[in-house]
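*Asks:* this one's sequence-less:
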């Protein structure tokens, strides 16, 4: 997993509650990404970061926010969880030294169920 | 039109055969192309990337790129049951260091 961890790995929550997922890397990669993966839709980018405190929206950012206060940590927050946000969430990193800048490596994923 | 298209499959091949997985993309400015393998319940793992027209070989895997026709393919020689997985094609077009993923092709290698 290229030194990437995600926490929690599994979470069950109720509609309307806030949820925060954490991605932690030990690779010192510049870029970090949050994706969701759903059947029939593949991987869809939620938000990404191109440096500490530098973030931008992806294609499915509504209802999500992110923060990156340190190189190694990228947090994804569901401000008020809805059942449509039940999904598998993957963090990815890129921008390491000695490899093609855009090559992404994925964390193990977080399975989120919103009841 | 989706930016990156893959046949969802499943593609079934017998053990020992060559599996051919295809991917087309819409942006002619795409610069580099990636193949990931994803086992059920696991995260995508990088197999290989290609950015020049032609073939690139890595063990039993060969990536083929044809920019004029806007397609990239992955050949798996001597397919094994352990190759049974979903294969994701991803394309880099240069904006924001982002990749665009296809929905994946499920490969089944049968004994």
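*Replies:* Done, it's in. Since we're looking at a predicted model, the values are computed, not measured.
*Asks:* residue of chain A closest to chain B, please.
*Replies:* Scanning chain A for the residue nearest chain B gives residue A:42, at 3.7 Å (criterion: Cβ to the nearest Cβ). Every residue, glycine included, has its C-beta placed from N, CA and C.
*Asks:* chain A contacts on chain B?
*Replies:* B:32, B:34, B:36, B:42-46, B:49, B:51, B:88, B:90, B:92, B:96-99, B:101-104 (Cβ under 8 Å from any Cβ of the partner chain).
*Asks:* just those: which are in strands?
*Replies:* B:32, B:34, B:36, B:45-46, B:49, B:88, B:90, B:92, B:99, B:101 (DSSP state E).
*Asks:* give me the buried entries from these.
*Replies:* B:32, B:34, B:36, B:46, B:49, B:88, B:90, B:92, B:99, B:101 (16 or more other Cβ atoms under 10 Å in any protein chain shown).
*Asks:* what sits against the residue nearest the centre of chain A?
*Replies:* Residue closest to the mean C-alpha point of chain A, counted by Cα atoms, centre = their mean, is residue A:34 at 2.7 Å. Under the criterion of Cβ atoms under 8 Å, 6 or more residues apart in numbering or on different chains, the neighbours of residue A:34 are A:21, A:23, A:45-48, A:58, A:64, A:66, A:74, A:76, A:89-91.
*Asks:* for the residue in chain B that chain A sits nearest to, which non-adjacent residue is spatially closest?
*Replies:* Nearest to chain A in chain B, going by Cβ to the nearest Cβ, is residue B:103, at a distance of 3.7 Å. Once flanking residues are discounted, residue B:103 sits nearest to residue A:42: 3.7 Å by Cβ to Cβ, 6 or more residues apart in numbering or on different chains.
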